[in-house]
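> When you get a sec, could you give me coordinates for this:
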Amino acid sequence: MSAPKPDLPLLDAVSQDLFLGDALEVRQPRNGYRAGTDAVLLAATLAPELVGEGPVLDVGSGVGVVGLCVAARCPSANVVLLEREPALAAFARHNVDHNALAMRVSVVEADIARATGALESAGIASETFAFVLANPPYHEEGRSTAAGNHLRAASHQMPPDALDIWARFMNRMAAPGGRAAMIHKTEALPRILSAFEGRFGGISVLPVHARADEPAIRVIVTGIKGSRAPIAILPSLVLHGPDQAFLPEIEAVFRHGAALPSKFGG
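Just a heads-up that it's a prediction; the model follows:
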C-alpha cells in the first residue's frame with residue numbers, strides 16, 4: 001500500500017506550474033510567493049557531475065522549487081528542504097511526493113534562527129552539507145508595503161539584519177570546503193558580501209541581466225567554506241536576446257534542465 005499523499009492547506013487559489021520543461025509539476029499559492037526564474041537559475045549553478053550524491057540543503061525552500069530542480073537534474077543528489085512557514089512546508093511535502101522524489105528529498109519545518117531542535121529531530125547535523133542554497137525574501141521590512149496576509153508578507157519581506165542570520169546558518173550547515181550560493185536583487189550585493197565575509201572565501205559574483213544593454217537585475221553570490229581565495233566577478237549572464245526570447249543556453253536551462261555553462265559557475 002502506498003503512503004498517503006500530504007494534505008495541502010486550504011487556500012482560495014492554488015496554481016499548478018511546470019518547471020524544467022515538464023520534468024517537474026509544482027503546486028504553489030497563486031497569490032503568495034511565486035517561485036520562478038530565480039529558483040531555476042540558482043539550482044542550475046549545480047551541475048550533476050559537481051553534485052554527485054550531494055547532500056544539498058535548500059534554506060528557506062518555500063514550496064521547494066530550488067531543491068526539487070536540483071533533485072530532478074542531479075539524479076543521485078540527496079536534498080533537504082528547510083522551510084519555516086507551515087503552509088509552504090505542506091506544499092513542499094506535496095510537491096516532493098507528487099514528483100516521486102521522496103526517496104531523495106525530505107522536508108524539515110524550522111526557523112533558521114531556532115532550528116536546532118527540528119534538525120536534531122530529523123537527524124541532521126551541522127557541517128554536513130556539500131551544497132547550501134538560498135533564495136531569501138528580497139524586500140526589507142519597512143522599505144516596502146507589506147503584503148495583505150501573513151504568508152505572503154513572510155515570503156517577501158525580512159528584517160534588515162536577516163541576511164547575516166541567513167549567512168550564519170548557511171555557514172553552520174555547510175561542510176568544510178562546502179559551497180554556499182545565494183540569489184538576490186543586485187542592490188543587496190554589499191549586504192551579501194558583508195554577511196559572507198569571514199564565513200566563506202573564494203567568493204564569485206554572477207550578475208544576471210534581463211538583456212545585454214540593461215543593468216543587472218539579480219546577482220548569484222557563491223562562496224566556499226574555509227577558502228582563502230580572492231573574490232571573482234564572473235562574466236554577466238544575459239537571459240534574453242534582441243527578439244525577447246531566451247538565449248539558447250538559457251532556454252536549455254529552463255526547458256531542458258541544463259546546468260549553467262561553466263563560465264557562469266555551473
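
> Neighbours of V221, how many?
The local packing count at V221 equals 23, with neighbours defined by other CB atoms under 10 Å. To be clear about C-beta, it is placed using only N, CA and C from the backbone, and glycine gets the same treatment.

> what do you get for the one 3 residues further on?
Other residues lying near I224 total 18 when counted by other CB under 10 Å.

> that's a strand at it, yeah?
Yes. Secondary structure of I224, determined by DSSP: H, G, I helix; E, B strand; the rest coil: located in a strand.

> Enumerate every residue touching it.
In this structure, I224 makes contact with G177, G178, R179, A180, F200, G201, G202, judged by CB atoms under 8 Å, 6 or more residues apart in numbering.

> How much space separates it from E127?
When distance is defined by CB to CB, to the nearest Å, I224 is 14 Å away from E127.

> anything in contact with each of the two?
Contacts common to I224 and E127, judged by CB under 8 Å, 6+ apart, are G178.

> For the stretch 101-250 of the chain, give me the ranges with low pLDDT.
Scanning the stretch 101-250 of the chain with the threshold set as pLDDT under 70 gives 139-160.

> tell me the helices in it, going along the chain?
In order along the chain, the stretch 101-250 of the chain carries the following helices (DSSP state H, counting those that start in this stretch): 116-121, 150-156, 162-173, 189-196, 248-256.

> if you compare those, which one is most tucked away?
Using mean count of other CB atoms under 10 Å, the stretch among the helices of the stretch 101-250 of the chain with the largest mean neighbour count is helix 162-173, at a mean of 21.

> Measure how far that helix is from the centre of its chain, please.
Average the C-alpha atoms of helix 162-173, do the same for its chain, and the two points are 14 Å apart (CA atoms, centre = their mean, to the nearest Å).

> before we move on, back to that, make CSV out of the helices of the stretch 101-250 of the chain and add distance to L20.
Written out in CSV, the entries for the helices of the stretch 101-250 of the chain read as follows (distance: least, CB to CB, whole Å):
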stretch, distance to L20
helix 116-121, 29
helix 150-156, 22
helix 162-173, 24
helix 189-196, 26
helix 248-256, 7
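
> Looking at the ones you listed, spot the one closest to P55.
Of all the helices of the stretch 101-250 of the chain, it is helix 162-173 that lies closest to P55, at 9.8 Å by CB to CB.
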